[in-house]
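# got a predicted model here, sequence first, then my questions.
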Amino acid sequence: DEIVRYAESLALTDRVFFSPPLQNREHIRAWYCRADLFLFPSTFDTNGLVVREAAACGLGSVLIRGSCAAEDITDGRTGLLIEENAESMAAVLSALCADRAAMRRIGQYAQQEIYLSWDDAVARAYDHYGAVIENYRAGKYPPHERRSDEIFHWISNALDLQNRLKAKYGK
């Protein structure tokens, strides 16, 4: 509400839109295609799938440098990396508003270089989880003595069994 009021005080309501959560893929795609830039100043997102969704629509992203979502982003080419503060975001947005061709170019490179198909994204996530499981089994993480660890052990064993069955009987 505070941000909406701020946008209103700056007379930006014809340029800044706030929508409720969207579930319909076509509606989401329509918003991506209407936008000039995707702002994703999150350090907590672990995959950044929305960044690749934006790239699929030719939309470049502004991301926090070093965040998981910024993985595979080349600063100034396939996206823009900023520090985690308002001043850094404002500086990038001011520069891009003065050079809209650069904004479009970044979106084009993002579409060509970071977009992943759903199958590739799933395969990549699967590989990442496999590496985590291997690191866990190799003792690279500190031990935990929580009840939830029993569930993680069960999942790890189930995935291991699934992989062994696939190897033995094929997909």
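Looks like it arrived, so ask away.
# now do the contacts for residue 120.
Under the criterion of Cβ atoms under 8 Å, 6 or more residues apart in numbering, residue 120 has no neighbours. C-beta coordinates here come from the backbone N, C-alpha and C atoms, glycine included.
# quick check, it in a helix?
Yes: with DSSP: H, G, I helix; E, B strand; the rest coil as the criterion, residue 120 is part of a helix.
# from residue 96, how far out is it?
29 Å (Cβ to Cβ, to the nearest Å).
# what's the answer for residue 74, then?
16 Å.
# more neighbours: the two, which one.
Per other Cβ atoms under 10 Å, whichever of residue 74 and residue 96 has more neighbours is residue 96, with 19 against 13.
# give the contact list for the residue sitting nearest the centre point of the chain.
Nearest residue to the geometric centre of the chain (Cα atoms, centre = their mean): residue 48, 1.2 Å. Residues in contact with residue 48 (Cβ under 8 Å, 6+ apart) are 40, 63, 67, 68, 69, 70, 71.
# pull the most distant pair out of the residues you listed.
40 and 71 (12.3 Å; Cβ to Cβ).
# neighbour count: those two, which is higher?
Set residue 40 next to residue 71 and count neighbours by other Cβ under 10 Å: residue 40 wins out with 18 against 12.
# tell me the bridge partners for that one.
residue 63 (DSSP bridges).
# now the strands for this structure?
Ranges of strands in the chain, per DSSP state E, are 38-40, 61-64, 80-82.
# which strands or helices does the longest helix seen in the chain pack on?
Assignment by DSSP state H gives helix 148-169 as the longest helix of the chain. Helices and strands touching helix 148-169, by 3 or more Cβ pairs under 8 Å, 6 or more residues apart in numbering; DSSP states H and E, are helix 118-137.
# can I get the helix it packs on as PDB, trimmed to CA atoms?
Extracted in PDB, the C-alpha atoms of helix 118-137 (Å, rounded to 0.1, in the frame of the first residue of the first chain):
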ATOM      1  CA  TRP A 118      11.100 -26.200 -19.300                       C
ATOM      2  CA  ASP A 119      12.800 -29.500 -19.900                       C
ATOM      3  CA  ASP A 120      16.300 -28.000 -19.600                       C
ATOM      4  CA  ALA A 121      15.300 -26.000 -16.500                       C
ATOM      5  CA  VAL A 122      14.000 -29.200 -14.800                       C
ATOM      6  CA  ALA A 123      17.100 -31.200 -15.800                       C
ATOM      7  CA  ARG A 124      19.300 -28.400 -14.500                       C
ATOM      8  CA  ALA A 125      17.500 -28.300 -11.200                       C
ATOM      9  CA  TYR A 126      17.700 -32.100 -11.000                       C
ATOM     10  CA  ASP A 127      21.400 -31.900 -11.400                       C
ATOM     11  CA  HIS A 128      21.700 -29.200  -8.700                       C
ATOM     12  CA  TYR A 129      19.700 -31.300  -6.300                       C
ATOM     13  CA  GLY A 130      21.900 -34.400  -7.200                       C
ATOM     14  CA  ALA A 131      25.000 -32.400  -6.300                       C
ATOM     15  CA  VAL A 132      23.500 -31.400  -3.000                       C
ATOM     16  CA  ILE A 133      22.600 -35.000  -2.200                       C
ATOM     17  CA  GLU A 134      26.100 -36.100  -3.100                       C
ATOM     18  CA  ASN A 135      27.700 -33.400  -0.900                       C
ATOM     19  CA  TYR A 136      25.400 -34.400   1.900                       C
ATOM     20  CA  ARG A 137      26.400 -38.100   1.600                       C
END
